[in-house]
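> need the 3D shape of this:
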Amino acid sequence: MIDRRQFFQAFGLTALISQLPKIAQANSLYQPILKPSNLKLGDTIGLVNPASFISSQELEEVKVTLKNLGLNYKLGTHILDRYGYLAGKDSDRAADINTMFADPSIKAILTLRGGWGCNRILPLINYQLIRKNPKIIIGYSDITSLLLAIYTQSGIVTFHGPVATSTWNQFTLDYVQRILFNGEVITIQNSPNTGENVNPNPIQIETITPGKARGKLVGGNLSVLSAMVGSGYLPNWQGTILFVEDIREEVYRVDRMLTQLKLAGILNQISGFIFGQCTKCDPEKPDQSLTLMQVLQDHIQPLKIPAWYGAAIGHIPNKFTLPIGIEVEIDANNGSIQMLESATGSK
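Residues are numbered from 1 along each chain as shown. Below you'll find the predicted structure:
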């Protein structure tokens, strides 16, 4: 009897053998999506730093923030490591994440900052361990890599929201409280222009294509997401609602990244599109550049799906917490994201 390896070798398909575990992992989303448990006051949060390094002073400020939020914390072993511009060696940064998911005393994982580095550690994450121990993991910017990879490979809901070094103002905290602590099913929408709300200078939305759509909410930082194209760490895009944001990217670079998503077949599969904020993305030579809205119209309007620009997503003080992997309904006319289910399980 010839075994499977001998069969592949006989037909010159040895290279395919090494891909079988990855193919099996990529099918994890055919399993039911798991939701992590709610947070509550007094829970212990695992602090990890999977991307760029931080200073000890910044860490001390984070400790004060968590104390003020009524949360305890446990530090990753390598949280203050430094390896060039990275927060330590790849293996060590990944080990801290795996350890936090395996630790039963940790109820959620909060990333310290973005920058660069998460793509490097994706092959070192134990996705089966994470599926067996589903927990809240939250962050944004470069943390997009982890959020999408864990959602794709482990099949658990992850959260695009503040990192530990973010501005924890009332706007940001309100979404964290309602979604992660209370488990509410809410409408996520920019604050209205009133003198009583916590956002006195509200961000205006600009509709690209009007209408409503439903689908699983998936997305993150555009630069990071586009750099993951071709890997096994991105989800099935069919019927999803894609949200993106970015910072310090000139308009032509945003054009290039959206073109990449288009050529990869991603844009043709989505049911709705949201561009949050592109912070500090003004062209150096405005008279020689398309506007960001022109680029969005060029790429998104032909799709004939509901879409808008200007949601409170990105490198801004007032930011939403967005659950990746839950069903939502969007309305591009008023820029709203209606959750259709809770993002967390019971306490």
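> would you check that Lys212 makes contact with Glu329?
Yes. Taking contacts as C-beta atoms under 8 Å, Lys212 lies within contact range of Glu329: 6.1 Å. All C-beta atoms are positioned from the backbone trio N, CA, C, and that covers glycine.
> who's more crowded, those two?
For Lys212 versus Glu329, neighbours defined as other C-beta atoms under 10 Å are more numerous around Glu329 (18 against 13).
> is the more buried one in a helix, a strand, or coil?
Using DSSP: H, G, I helix; E, B strand; the rest coil as the criterion, the local structure at Glu329 reads strand.
> show me where the stretch 101-250 of the chain has strands.
Counting by DSSP state E, counting those that start in this stretch, one finds strands in the stretch 101-250 of the chain at the ranges 108-111, 136-139, 158-160, 187-189, 206-209, 212-221, 241-247.
> out of those, which one sits most buried?
strand 158-160 (a mean of 29; mean count of other C-beta atoms under 10 Å).
> paired strands for that strand, with orientation please.
Applying DSSP bridges, strand 158-160 is found paired with strand 136-139 (parallel), strand 322-324 (antiparallel).
> save those strands as CSV, and put in mean pLDDT and distance to Val224 too.
Putting those into CSV (pLDDT from 0 to 100; distance: least, C-beta to C-beta, whole Å) gives the following:
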stretch, mean pLDDT, distance to Val224
strand 136-139, 98, 11
strand 322-324, 98, 13
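> check the gap between Pro162 and Ile150 for me.
Separation of Pro162 from Ile150 (C-beta to C-beta, to the nearest Å) stands at 18 Å.
> swap in Ile324?
9 Å.
> shared neighbours of the two, which are they?
In terms of C-beta atoms under 8 Å, 6 or more residues apart in numbering, Ile324 and Ile150 are both contacted by the residues Thr158.
> follow-up on the earlier one: closest to Asn72 out of the strands of the stretch 101-250 of the chain?
Proximity to Asn72 (C-beta to C-beta) singles out strand 108-111 among the strands of the stretch 101-250 of the chain, at 11.0 Å.
> so what strands line up beside that closest one?
Strand 108-111 is paired, per DSSP bridges, with strand 44-48 (parallel), strand 136-139 (parallel).
> Pro104: which of those is closest?
strand 44-48 (10.1 Å).
> that closest one: which residues count as buried?
In terms of neighbour count (16 or more other C-beta atoms under 10 Å), strand 44-48 has its buried residues at Ile45, Gly46, Leu47, Val48.
> then stretch 79-92?
Ile79, Leu80, Asp81, Leu86, Ala87, Gly88, Asp90, Asp92.
> measure it end to end?
End-to-end distance for stretch 79-92, by C-alpha to C-alpha, to the nearest Å: 9 Å.
> give me the mean pLDDT for it.
Averaged over stretch 79-92, pLDDT sits at 98.
> farthest-apart pair in the buried residues of stretch 79-92, please.
Checking the buried residues of stretch 79-92 with C-beta to C-beta, the most distant pair is Leu80 and Asp90, at 16.4 Å.
> quick one: which of the buried residues of stretch 79-92 is nearest to Asn98?
The closest of the buried residues of stretch 79-92 to Asn98 turns out to be Asp92 (C-beta to C-beta; 10.7 Å).
> surely the closest one and Leu80 touch.
No. Between Asp92 and Leu80 there is no contact under C-beta under 8 Å: 11.2 Å.
> alright, that wraps it up for me.
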